[in-house]
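*Asks:* from the sequence below, what's the structure:
(chains A and B)
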Amino acid sequence: MPLNNTIGFFRILLTLILAMCLRIVPLSDDLALLNPDWVLLVLIYWSLYLPDRVGIFHAWIFGLFTDVLLGRMLGQYALAYSIIIFVCLKFHKRLRQFPLLQQGLFIFFCLLLSQLLLFFIKNLQHPAQLHASFWLPVFTGTLIWPFVYGVLSFVSLFRRIK
Amino acid sequence: MLVAVVASIALLVTEHQNSQLGGVRTTLSIFVDPLKYLVSLPNTVLDHLSDSVVTYQALKTENDRLREEQLVHQTRMLKFAALEKENIRLRALLENSFKLGEQVLVAELLSVNMAPYEHIVVVNKGTRFGVHPQQPVLDANGVVGQVFRALPFTSEIMLITDPNHAIPVQVNRNGLLTIAVGSGQLNRLILPFLPSNAEIRPGDLLITSGLGGTFPQGYPVAVVDEFTAQPNKAFATITATPKASLDRNRELMIVWSKSVPVPLIAKPESEEGTPDAVK
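*Replies:* Numbers count the residues shown, from 1 in each chain, chains lettered A, B, ... in the order given. Have a look, this model is predicted:
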């Protein structure tokens, strides 16, 4: 069904664009510290539930876009995202069966891994000292996962993407 | 997987060594920059609304006030012009070259939030308007920062309070030179390199010294608000408050300073580049 495929593609693209907008949405300083990595959450969802549609390549491209969007060094988000999506694709069959709580635990470790990679790359550039709040988005991201899950499963069921 | 990892690491390494990837970033930014405009759209719309929904009376009073201000400034400018001429003459006597005036471009802030730990803001003018990295950025009250990265439609500006930013300054009262480093707080600069017996006190105005070549000389940067001598340490702890309202401004000025200073007295044989004139 090529038509359905293109519709599905646009829907995935739209959710990712929305996630990128949420990433840079203007917030007060305290809230900005809590702003989770929306792009990664959305990518994880799609890679778990539509593994033949969203792969490492997409993750890499959107990682690059995120790098440019946030003005980081080119490649750091690309690296983090592609590694995590690789893990997600590897275990997607098992992870899909997990209850939400267990899934949340997995998401927590994914976000932690991504933040660790970013921290590692940052540290390679120049030794940086970071606030403990650098790790806050990991927790908020985990807490927000059920919401992302709910919205995206609604999006994908709305007119079945296959 | 391996391809992606290798590619990203290659990108990281090349960018770390030298930024040859400006082209890649520029191309990608063409896709991404519209998002920045999209995200800041609600704020822009609100601004426009609050601009257009005002009473006639309010407009009238504002207009009157602005006209008055304009008059005051014009008179002051007259005097300034005379002073400038005098300054040029004096510099000519000292056989010094004089830096000609600067050109400015007004850029508007896009309300997007990039990284919570860095003081980097995005404005709506980019390389299409001739903006280039390391240009100084000012507002009506003082120095705001410098252009950090210029993309086609937007550019990123690093504020002077960013922890990675340092600006060469001078105490206006006595010409003491030092460097003001960003603290990571929007209302604070740190002067870490002054000894405890330095001739500086709270209330002193810090202006740009023009050393380093990025910032033109003589713009107000900050006011010293605390001076604590520490007898057991080599340097005193001094903090200053930036003059520019870094958290409130929506309009900034990007400055082009004439990079080639023009010797005012036409000397046929003179060709010396004075050290302070080197951009």
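*Asks:* for chain A, what lies in contact range of chain B?
*Replies:* Taking C-beta under 8 Å from any C-beta of the partner chain as the measure of proximity, chain A contacts chain B at A:17, A:20-21, A:24-27, A:29, A:32-33, A:35, A:56-57, A:59-60, A:63-65, A:68-76, A:78-79, A:82-83, A:86, A:121, A:124-125, A:130-131, A:133-134. All C-beta spots, glycine's among them, are computed from the backbone N, C-alpha and C.
*Asks:* that's a helix at residue A:115, yeah?
*Replies:* Yes. Residue A:115: assigned to a helix according to DSSP: H, G, I helix; E, B strand; the rest coil.
*Asks:* for it, give its distance to residue A:45.
*Replies:* 18 Å (C-beta to C-beta, to the nearest Å).
*Asks:* which of these two has more neighbours?
*Replies:* residue A:45 (24 against 19; other C-beta atoms under 10 Å in any protein chain shown).
*Asks:* surely that one is in contact with residue A:151?
*Replies:* No. Using C-beta atoms under 8 Å, residue A:45 is not in contact with residue A:151; the gap is 9.1 Å.
*Asks:* SS state for residue A:102?
*Replies:* helix.
*Asks:* measure it to residue A:135 for me?
*Replies:* From residue A:102 to residue A:135 the distance is 21 Å (C-beta to C-beta).
*Asks:* and for residue B:219?
*Replies:* 39 Å.
*Asks:* quick one: name the residues of chain B near chain A.
*Replies:* Counting by C-beta under 8 Å from any C-beta, chain B sits next to chain A at B:1, B:4-5, B:7-12, B:15-16, B:21, B:24-25, B:28-29, B:31-32, B:35-36, B:38-40, B:43, B:111-117, B:120, B:148-149, B:156.
*Asks:* for PyMOL, what selects the buried ones among those?
*Replies:* Burial among the residues of chain B next to chain A is assessed by 16 or more other C-beta atoms under 10 Å in any protein chain shown; the matching PyMOL selection reads:
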select buried, chain B and resi 1+4+5+7+8+11+12+15+24+25+28+29+32+35+36+39+40+111+112+113+114+116+117+120+148+149+156
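*Asks:* ok, now which ones touch the closest residue to residue B:246 other than its chain neighbours?
*Replies:* Spatial nearest neighbour of residue B:246, excluding adjacent residues (C-beta to C-beta, 6 or more residues apart in numbering or on different chains): residue B:186 at 5.1 Å. When contacts are counted by C-beta atoms under 8 Å, 6 or more residues apart in numbering or on different chains, residue B:186 touches B:119, B:159, B:161, B:246-247.
*Asks:* just the buried residues of the residues of chain A next to chain B.
*Replies:* Buried among the residues of chain A next to chain B by 16+ other C-beta under 10 Å: A:17, A:20-21, A:24-25, A:32-33, A:35, A:56, A:59-60, A:63-65, A:68-76, A:78-79, A:82-83, A:86, A:121, A:134.
*Asks:* who's in contact with the helix or strand hosting residue B:32?
*Replies:* Residue B:32 belongs to helix B:22-39 when elements are defined using DSSP states H and E. Outside helix B:22-39, the residues that touch it by C-beta under 8 Å, 6+ apart are A:17, A:20-21, A:24-26, A:64-65, A:68-69, A:74, B:11, B:110-112, B:122, B:124, B:126-127, B:149, B:151-154.
*Asks:* repeat for stretch B:144-152
*Replies:* Against stretch B:144-152 from outside (C-beta under 8 Å, 6+ apart): A:71, B:25-26, B:29-30, B:33, B:119-121, B:126-128, B:131-138, B:155-160, B:162, B:165, B:214-215, B:244, B:246, B:249, B:252, B:254.
*Asks:* returning to that earlier point: neighbour-wise, which of residue B:219 and residue A:135 wins?
*Replies:* Counted by other C-beta under 10 Å, residue B:219 and residue A:135 do not tie: residue B:219 has more neighbours, with 19 against 14.
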